[in-house]
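Q: give me a 3D structure for the following:
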Amino acid sequence: MDTRENWYLYLGVLLIAGAVYLGCIISPPSLMDDVDAVQAQIARNMLTSGDWVTARLDGVVYLEKAPLIYWTMAVAYEIFGPHDWVARLPIALSAIALCWLTAAFGTWAFGKRAGFYAGLCMASCIGLFLFTRVLIPDVMLTFTVGLGMWAFLRALDENELHPRFWAFMLAANLGVGLLLKSLIGVLFPLAAGGIYLLVTHQLVSASTWRRLRPFSGLLVILLIAAPWHILATLRNPPYFAFTVHSGPGQYHGFLWFFFINEQLLRFLNLRYPRDYNTVPRLYFWLLHLVWLFPFSVYLPAIAKLSFKPADRAGRTRLLALCLIGFVLIFFTFSTTQEYYSMPCYPALALLLGSAMAMGGDWIRRGTRVLTAVATCAGLVTLTLFFLTRNLPAPGDISQALSQHPGAYKLSLGHMQDLTLASFAYLRAPLLVAASAFCAGALATWRFAGSRAFLAAALMMVVFFHAARMAMAVFDPFMSSRPLAEAILKSPEGTLIVDHHYYTFSSIFFYTNRTALLRNGRFFNLEYGAYAPGVPDVFIDDAQFENLWLKPERSYIVAKQNVVPQLESLVGAEHLNLVAASGGKVVLTNRPLAISQGEPPKTAGVF
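A: Numbering: from 1, shown residues only. Coordinates of the predicted model:
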């Protein structure tokens, strides 16, 4: 096998992945909102405080997540500064690395063509793009799972020259997985590997375990993951709490919350607070046709593959099937979000790449289906463009969206807010997307095989940039950066944020200030709000009223529909508008100086 030719194939995958992921980082805007700003601010707090063990938001302990994603962002801040695009850099680089890994794994297992196709699937699938636009560690976890599975097979391979290295690589990935997603990081690889060993009758083989080196591997895992868990437990007592009951006002320390509440009770759908929802099981399975698009059209061709572990290719396919089956079945019996199955994307991409390299009738039929789907998508986007070409688009897109708060506990809940009128704000992205789909439909109709595959991938690269353009239009609705900029330009004063930290998380990131939280013992901050030594940042309505009516200046950031409640507390005459954006407002209790002789605006004037 020509090593230089392999690197050319890897370079092709990296160029496509880089065009998607680095392009979305370099091209502004990459604004923080919701979960993004929460993760980014935790990393900044760690860097500035020097406490890299306990995550905090607004000074309140935040014990929900493992720390490695925060550490990578904090290191990036140290190098490039605390900017929004810097916070996204570790996720973007992880996505690119995952695409390269999938290509390299596929080349090792099936050959260079199949490896290139597998990397192409990974680099251009909708799911990886969509779920790396949010700063969650799942793409990093997916990388460790994929590398762990490759290390597992190489450690067992009789022809492998360095089995000890790959056994330690497997253990290291398990340790890193613990620091990314806790028990899930070891459960998926170990379960998939265990099922594989059982099916291949190697589970009780002494030679198998000699090659995997479980005892020295366990030491590697502990060396990587144990120090943080021990320190987090010691710094956030009580150390042990023997209960499975979770409720309001109860605080049992780090160890109980991180393992019992976040792992066991979430799996059983008994976690408190229940600040999440679950995707219906059938949708969870079927949506993979979307997440793996455009190459999901070739999924039926996988049935023609051989899964017999007679050679390297068969063993890889069998292990991929074990991982996919366990992940999907596991989340069928658990609470689940749309992106939870991401760790099985590389396994699916490997099977798809293998099938695409073999060709056959199902691949040709899949290409015809892809042509039809791209044609329909092009017609739909063109129709939306023409239907909205004469509609007005005043202000920002928030004015044209509907509201479905009950859906926002799902990662894609805001998709339900779209209306026909909202597409008037998206005319440019619609036109770019329509061009991509029409060109893709023409290319896949005219070409077959590798040319059709490459055309489909390039179609998705252009579509992803159309999606990025659309996301930029949503920024005023999703992000509070315009409000943060208005606060930074205003006179100093006490900052108050209404109710839910997550709703206004970008206020904290872009101002880099602490704030009081009106009725903020809610959802993600509720548990930490009852920890010993919690800062006095939570205020109720009476405290808000007392503070607001004092002569010192105060600001409050709230949703626009909350203004009538505030008026009932302090009176409309004491609410002066500073800025409004995306259905959210900044108000102050003292009129601001008006440079152009205009009267000050009260909250009731919108």
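Q: surely Lys584 meets Lys559?
A: Yes - look at Lys584 against Lys559 with CB atoms under 8 Å: they come within range, at 5.6 Å. Where you see a C-beta, it was placed from the backbone N, CA and C, and this is true even at glycine.
Q: higher neighbour count, those two?
A: Lys584 (24 against 17; other CB atoms under 10 Å).
Q: do you know how far that one is from Leu180?
A: With distances taken as CB to CB, to the nearest Å, Lys584 is found 32 Å from Leu180.
Q: so what's Leu187 up against?
A: Neighbouring residues of Leu187 by CB atoms under 8 Å, 6 or more residues apart in numbering: Phe330.
Q: for it, give me phi and psi.
A: Phi and psi for Leu187, reported as degrees, to the nearest 10, are phi -60, psi -50.
Q: go on, Tyr239?
A: Main-chain torsions, Tyr239, degrees, to the nearest 10: phi -80, psi -40.
Q: how far away is the residue lying closest to it once chain neighbours are set aside from Leu63?
A: Here the nearest residue to Tyr239 in space, its sequence neighbours aside, is Thr233; by CB to CB, 6 or more residues apart in numbering that works out to 5.7 Å. To Leu63, Thr233 is 10 Å away according to CB to CB.
Q: same check on Thr335?
A: With distances taken as CB to CB, Thr335 is found 19 Å from Leu63.
Q: higher neighbour count, those two?
A: It is Leu63, of Thr335 and Leu63, that has more neighbours when counted by other CB under 10 Å, with 21 against 18.
Q: wait, the more buried one sits on Val53?
A: No - judged on CB under 8 Å, Leu63 makes no contact with Val53 at a distance of 10.8 Å.
Q: which neighbours do those two share?
A: Ala232.
Q: okay, the spatially closest residue to Asp396 that is not a sequence neighbour: pLDDT?
A: Excluding the flanking residues, the one nearest Asp396 by CB to CB, 6+ apart is Pro476, at 4.0 Å. Looking at Pro476, its pLDDT is 73.
Q: wait, Pro476 sits on Ala580?
A: No - with contacts counted by CB under 8 Å, Pro476 stays clear of Ala580, the gap being 10.0 Å.
Q: avg pLDDT for stretch 509-528?
A: For stretch 509-528, the mean pLDDT works out to 93.
Q: my read is that Ala374 contacts Val462, right?
A: No - the criterion here is CB under 8 Å, and Ala374 misses it with Val462 at 11.7 Å.
Q: which one's more surrounded, those two?
A: Using other CB under 10 Å as the criterion, Ala374 and Val462 rank with Ala374 on top: 27 against 17.
Q: residue contacts, the more buried one?
A: Contact analysis of Ala374 by CB under 8 Å, 6+ apart lists 294, 437-438, 440-441, 444, 456, 459.
Q: adding pLDDT, write these out as a markdown table.
A: Output for the contacts of Ala374, formatted as a markdown table (pLDDT from 0 to 100):
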| residue | pLDDT |
| --- | --- |
| Pro294 | 97 |
| Phe437 | 98 |
| Cys438 | 97 |
| Gly440 | 97 |
| Ala441 | 98 |
| Thr444 | 97 |
| Ala456 | 97 |
| Met459 | 97 |
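Q: so what's the backbone phi/psi at Val557?
A: Torsion angles, degrees, to the nearest 10, at Val557: phi -110, psi 130.
Q: over to Gly571?
A: Taking degrees, to the nearest 10, you get phi 90, psi 140 for the backbone angles of Gly571.
Q: what distance do you get for it to Thr494?
A: Going from Gly571 to Thr494 by CB to CB gives 18 Å.
Q: what's the answer for Phe437, then?
A: Using CB to CB, Phe437 is found at 51 Å from Thr494.
Q: of those two, give the one with the bigger neighbour count.
A: Neighbours per residue, other CB under 10 Å: of Phe437 and Thr494, the larger number sits with Phe437, 25 against 15.
Q: got a list of what the more buried one touches?
A: Applying CB under 8 Å, 6+ apart, the residues near Phe437 are 374-375, 377-378, 381, 459, 463.
Q: other residues contacting the helix or strand bottoming out on mean pLDDT in the chain?
A: Between all helices and strands in the chain, the lowest mean by mean pLDDT, DSSP states H and E belongs to helix 3-26, at a mean of 78. Where contact means CB under 8 Å, 6+ apart, the residues beyond helix 3-26 that reach it are 30, 85, 88-89, 92-93, 95-96, 99-100, 103-104, 107, 112, 115-116, 119-120, 122-124, 129, 132-133, 457-458, 460-461, 464-465, 468.
Q: hmm, 7 Å instead?
A: Contacting residues not belonging to helix 3-26 are listed as 85, 88-89, 92, 95-96, 99-100, 103-104, 107, 112, 115-116, 119-120, 123-124, 129, 132, 457, 461, 464-465, 468 [CB atoms under 7 Å, 6 or more residues apart in numbering].
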